[in-house]
Structure formats: C-alpha cells, structure tokens
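Colleague: how does the following fold in three dimensions:
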Amino acid sequence: MNKPLYFLGIDNGGTLSKAALFDADGVEVASASRRIELIEVQPGWSERSATAMWLDSASAIREVLERSAIDPSDIAAIACTGHGNGLYLVDGNGIPVRNAINSTDGRAADIAARWQRDGTAAKALPLTAQCVWPAQPNALLAWLSEHEPQAIARATAVLFAKDFTRLQLTGEVWAELTDMSGSSLMNVVTGQYDDDVLALFGISECKRLLPPIKKSHDLCGRVTAEAAAATGLAVGTPVAGGMFDIDACGLASGIVSEEQMSLVSGTWGNNQYISREPLIDKDLFMTSCYSMPGWYLMLEGSPTSASNLEWFVSQVLNETDPATGPSRHARGDALVAALGEPSPDTPIFLPFVYGCNLPSPAPAAFVGLKASHGRGEMLRAVYEGVVFAHFTHIKRLLEFRPPPASIRFTGGVARSRVWVQMFADCFQIPIEIPAGSELGALGAAIAAAVAIGHYPDYPAAVNAMTRIAQRHQPDASRGPVYQQKFSRYLATATALAAIR
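Modeller: Below you'll find the predicted structure:
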C-alpha cells in the first residue's frame, strides 16, 4: 500500500509565523504559530529580527511534526509564503545585515512622495505596473543608501520574508517571481529585472543585490542537515520557490479564473482578481505576476485591515490576554452581535493607524462618540471601519471589471462570522469562506505539490486541495444603512484630511 504524502506550508505574515501540514487532498493535519515581535525603533518605523522569525518558524514546524506524529520523511515537499515588500538584507553568509523592515514601515514616506511629485512614479508605472509607497524595497533601498550606506555595502542580496525562511531551510539564495514582481524592482510586463526601473529610482548600484528569479513551483533546494536539526524535518526534503502571501491566499481560495475575486483581511487588506493581461493604470494600486504562469494579479490593498483591531484591543481596551484567533473573535462577535442591527448612531472609525488608503491622507480617529457608547459600540465601529476600507478598494477594482458572483474571503477576519456578514451586507455580494484555518500555508502547500509533479498544474492542484466551508448571503435590508454609513465615513475622512 502506498504511503500517504504530506505537504508543509510555512507562512511568515505581518504578526505571526505559522506552519501547517496538509495531506494531498488539502486537509489540514496540524498547525502551529508563533507571534512575531515587532520592533518600533521610532514612530512610523516597523522592524523585526529576521533571525528570531526563523527560530519561531523552526519551533512551529517542530510542534507541527509532534502534533501530527507523522514520519518527517513522509513530507513530500515544502514551500514558504509571507508578507510581501518590506526588506530583508543578507550578507554573503546569509546573515542579516540589519533588522528586517516590515511592510507597514513609513520611514521612506518622503521619498515616495517626492517620486510622486517629480514624475518618477508616472515614468515607472508602464514598467512596474504599480504605484510607489514607502515600504516597497525601491523606496527602502533609496532611504538606506542615504541614511545607512554601511548596510547596503555589507549586503549581497535583497530578500523577502519567505525567501529568508527558504534560505534558512536550504542554504540557497533565490528571488521568486510573485514577490519580486510586487516590489517595483523589476519590469512586471517582461517578468525580468530592468536597468531602466532601477535608474528611475536612483538605485542602479543595488542591481548586484537582486538574486536570480525562480517561479513559485520551481525547486529551490533541499532541507540541509542544519535546518533539519532545528526543525525536525528530514534532510533532503525538496523546497519549492513559494510565493507572495496574496498569491497563496488566492490559490487557497480557488482563484484560477478571471471571473473570480478574493479578499484577504489580515495585517494588510488585500482585494484582488487575476487576468491573462496585465492592467496598468495610475488609479490601481498594484499589478504583479500571479503564481500561475502567464497570469497577472490585480490588487487594491493597504494596511487598513485587521491590524486595526489588534491595535484597538491592546492599546485602547488594554487587554493583555494572549488569546488570538477564534477565542478573541468570539468575544468580539458577542459584544457586537449584542447591539443588534446596524445603526447610523454607531461612531465612525477611520482605520488608518498604520496608513490611509484615500487620495488625501486622513488620520486614524473615532468620530461621533457619545456618553452612551461603550466597548461594544467602539468595537463595532472598528469592524465597520475595516469593512469600509476594503469597500473603498473593491469599488476601485470594479471600475475595471464586472462584479463577481461571489468573493472568496481569507485572513484572520474570516474566523469572525459577525464581521464577515458585515462585508456581505455592505458589498451586497455573497462572501464565501474557503475551508481551513491556515490558508496562506495551504497556498504554499499547493505550490509544493505542483513542484514535485504530484499535480500537473495549479488548476488541478487547486481543484483537489481546496473547498468552500461557508457562504454568507447579503441581507438586502442592511445595504442602504451601510451605504449611508459609508458616505459618512468618506465625508469624515475628507474633513479630517483637510485639517490634519
């Protein structure tokens, strides 16, 4: 009898390092996570220790193996995913030259703004297919070249979160197409590095830091003896290229055709669809290369999503309870559900703690608080503010394509039935929740399965390894209430932007 095959996905997101094991049908066997310690050197800066991230990932992998009780040699292949952008610089020995920079970092805001003003962004758009913003590697490399030239001098490679984890597993340095195509360091249309892109941003000297590019399903090495000792994995296990987490969530959501759309509500709020033709438009946040060869991913996103809830719970409610995931969402859902139907009386919350997604930036704020409002009303305002931030992006995407029959929904918010129903009621589009709790890791596992030829291509792997667990139908009676509140939300943001 044939032994069962397993695939391991590793996901280094904005707040958690996760590992999850799946069988060949995509059924989750075991998972584990570790909270990432974020380092704020000064206001607006967000860093992490890449080495600590790897140690946390290794610990999570070891826990998964213990929980599953499988023979590590039964893991057929591994792939990693993680947050895109930010910056992980390593030297010739694969050692970080400084703390990694997160995708919510704002130190290079002045550089991004200057590129917008002086026309650099407009000149780069036909090549990069995306807008410029502070936490992209192009802006961060320009900032480091000016403020920390010693870090640039010591570095030999630009990596992203999942590339650094793959390096620790295999000892090999590679870039990967989906992540690199979202970085403004390459030509998205050609899928290659482009000297003109680097020259436009004034970082031509950084070309030496760009590793050779692999695809998501290319094999990029095997688990080394050192990595096996740290994780419990079997020496020699194949490791695939992996992917940008937006691609991983897209695959885990079953996104393999142009008709579909998906939404990821996590540290960032990402809203996306795929097409065989790249869309290049000044009003679109980003077009990048999708995991499926020959396809592009069109994305509207910003750091205006569930990270606002984490901030509210820890800084406003002052809760230090380490519970996350289902338990935290259950408590929040109970508070919000107790309020009953949506009401125009609820305060407005602008979910811009880590950045704004409107043309005229507004600060984060609660507006309209009354003495009668308590924790439940404030929490509902946070829920609704995040919904409205996503709705802003969805409306932009629908300027370029027809509305979908449904939207596939992933990310931490997918654990909250109350919150997801708000999305359906506001959008007036059915919301579908894919099965599984670690969908980024599942997307990576899908790439691993394709990499070793267990499935011939992504559509076959997605068909075998994904399924829908829940469907939320919109309540038509709530649509007008949310439209009214969304108008108030935009008016509030506009007013505050004018006096910021």
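
Colleague: show me the contacts for Ala109.
Modeller: Residues near Ala109 by Cβ atoms under 8 Å, 6 or more residues apart in numbering: 44, 134. From N, CA and C alone the C-beta is placed, and that goes for glycine too.

Colleague: 6 Å instead, please
Modeller: By Cβ atoms under 6 Å, 6 or more residues apart in numbering, Ala109 lies in contact with Pro134.

Colleague: could you do Asp333 as well?
Modeller: 416, 418.

Colleague: tell me, please, the helix or strand in the chain that averages the lowest pLDDT.
Modeller: In the chain, the helix or strand scored least confidently by mean pLDDT, DSSP states H and E is helix 326-337, which has a mean of 77.

Colleague: would you check that Lys162 makes contact with Gly84?
Modeller: No: judged on Cβ atoms under 6 Å, Lys162 makes no contact with Gly84 at a distance of 9.0 Å.

Colleague: next secondary structure after the least confident helix or strand of the chain?
Modeller: strand 348-350 (DSSP states H and E).

Colleague: distance from that following strand to the middle of the chain?
Modeller: The chain centre lies 23 Å from the centre of strand 348-350; the measure is Cα atoms, centre = their mean, to the nearest Å.

Colleague: check stretch 23-34 too.
Modeller: Relative to its parent chain, stretch 23-34 has a centroid offset of 19 Å by Cα atoms, centre = their mean.

Colleague: cool, stretch 334-346 as well?
Modeller: With Cα atoms, centre = their mean, you get 29 Å for stretch 334-346.

Colleague: please name the bridge partners of Lys18.
Modeller: Beta bridges link Lys18 to Asp11, Ser33, judged by DSSP bridges.

Colleague: again, but for Lys214
Modeller: Bridge pairing for Lys214 (DSSP bridges) gives the partners Glu176.

Colleague: and for Val264?
Modeller: Asn270, Thr410.

Colleague: so how many other residues sit close to Ala444?
Modeller: Residues within reach of Ala444, counting by other Cβ atoms under 10 Å, total 36.

Colleague: next secondary structure after the host helix or strand of it?
Modeller: Under the criterion of DSSP H and E, Ala444 resides in helix 439-451. Moving toward the C-terminus from helix 439-451, the next helix or strand (DSSP H and E) is helix 458-465.

Colleague: ok, and what's touching that next one?
Modeller: Counting by Cβ under 6 Å, 6+ apart, 26, 251, 254, 256, 292, 446, 449-450, 455 sit against helix 458-465.

Colleague: please repeat the previous calculation with a cut-off of 8 Å.
Modeller: 22, 24-26, 217, 251, 254-256, 291-292, 442, 445-446, 449-450, 454-455.

Colleague: in it, what counts as buried?
Modeller: By neighbour count on 16 or more other Cβ atoms under 10 Å, the buried set for helix 458-465 is 458, 461-462, 465.

Colleague: just the strands in the stretch 151-300 of the chain please.
Modeller: For the stretch 151-300 of the chain, the strands defined by DSSP state E, counting those that start in this stretch cover 157-159, 175-176, 213-214, 219-222, 238-240, 243-244, 261-265, 269-275, 286-289, 296-302.

Colleague: by contact count, what packs against the lengthiest helix in the chain?
Modeller: As assigned by DSSP state H, the longest helix anywhere in the chain is helix 375-397. On a contact count with 3 or more Cβ pairs under 8 Å, 6 or more residues apart in numbering; DSSP states H and E, helix 375-397 meets strand 261-265, strand 269-275, strand 296-302, helix 307-311, helix 326-337, strand 348-350, helix 417-427, helix 479-499.

Colleague: rewinding a little: so which of the strands of the stretch 151-300 of the chain comes closest to Ile75?
Modeller: Closest to Ile75 of those is strand 238-240 (Cβ to Cβ; 9.3 Å).

Colleague: who touches that closest one?
Modeller: Contact with strand 238-240 is made by 76-80, 166, 169-170, 216-223, 444, 447-448, 450-452, as judged by Cβ under 8 Å, 6+ apart.

Colleague: again, only this time at 10 Å
Modeller: The contact list for strand 238-240 (Cβ atoms under 10 Å, 6 or more residues apart in numbering) reads 7-8, 10, 75-80, 165-167, 169-170, 172, 174, 176, 214-224, 227, 233, 444-452.

Colleague: out of those residues, which are buried?
Modeller: Among these, those classed as buried by 16+ other Cβ under 10 Å are 7-8, 10, 75-80, 165-167, 169-170, 174, 176, 214-224, 227, 233, 444-451.

Colleague: okay, helices next: where are they in the stretch 51-200 of the chain?
Modeller: 109-117, 120-128, 137-147, 149-154, 161-170, 177-180, 195-200 (DSSP state H, counting those that start in this stretch).

Colleague: of all these, which lies closest to Arg48?
Modeller: Among these, the nearest to Arg48 by Cβ to Cβ is helix 161-170 (8.9 Å).

Colleague: just give me how far that closest one sits from the chain centre.
Modeller: Here the centre of helix 161-170 is set off from its chain's centre by 17 Å, with Cα atoms, centre = their mean.

Colleague: what do you get for stretch 445-461?
Modeller: In terms of Cα atoms, centre = their mean, the centre of stretch 445-461 is found 22 Å from the chain centre.

Colleague: quick one: mean pLDDT for it?
Modeller: For stretch 445-461, mean pLDDT is 98.

Colleague: how about the CA coordinates for stretch 439-457, as CSV?
Modeller: Extracted as CSV, the C-alpha positions of stretch 439-457 are listed here (Å, rounded to 0.1, in the frame of the first residue of the first chain):
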residue,chain,number,x,y,z
LEU,A,439,-5.0,29.4,4.1
GLY,A,440,-1.7,31.1,3.3
ALA,A,441,0.2,27.9,4.3
LEU,A,442,-2.3,25.9,2.2
GLY,A,443,-1.5,28.1,-0.9
ALA,A,444,2.2,27.4,-0.3
ALA,A,445,1.5,23.6,0.1
ILE,A,446,-0.3,23.7,-3.3
ALA,A,447,2.8,25.1,-4.9
ALA,A,448,4.9,22.4,-3.2
ALA,A,449,2.5,19.7,-4.6
VAL,A,450,2.9,21.2,-8.1
ALA,A,451,6.7,21.5,-7.7
ILE,A,452,7.2,17.7,-7.3
GLY,A,453,4.7,16.9,-10.0
HIS,A,454,2.1,15.4,-7.7
TYR,A,455,-0.4,17.6,-9.6
PRO,A,456,0.3,18.6,-13.2
ASP,A,457,-0.6,22.3,-12.8
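
Colleague: returning to what we had before: which among the helices of the stretch 51-200 of the chain is found nearest to Glu63?
Modeller: Smallest distance to Glu63 across the helices of the stretch 51-200 of the chain (Cβ to Cβ): 15.9 Å, for helix 161-170.

Colleague: using CSV, write out every CA atom in the closest one.
Modeller: Presented in CSV, the C-alpha positions along helix 161-170 are these (Å, rounded to 0.1, in the frame of the first residue of the first chain):
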residue,chain,number,x,y,z
ALA,A,161,10.1,37.2,4.3
LYS,A,162,9.5,33.8,2.7
ASP,A,163,12.8,34.0,0.8
PHE,A,164,14.7,34.4,4.1
THR,A,165,12.9,31.4,5.6
ARG,A,166,13.7,29.3,2.4
LEU,A,167,17.3,30.4,2.7
GLN,A,168,17.4,29.0,6.3
LEU,A,169,15.9,25.7,5.1
THR,A,170,18.2,25.2,2.1
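
Colleague: what's the angle from that helix to helix 439-451?
Modeller: Counting by axes from the mean of the first three to the mean of the last three Cα atoms, to 10 degrees, helix 161-170 points 60 degrees away from the direction of helix 439-451.

Colleague: what's the most buried one of the helices and strands packed on helix 375-397?
Modeller: Highest mean neighbour count among the helices and strands packed on helix 375-397 (mean count of other Cβ atoms under 10 Å): strand 261-265, with a mean of 28.
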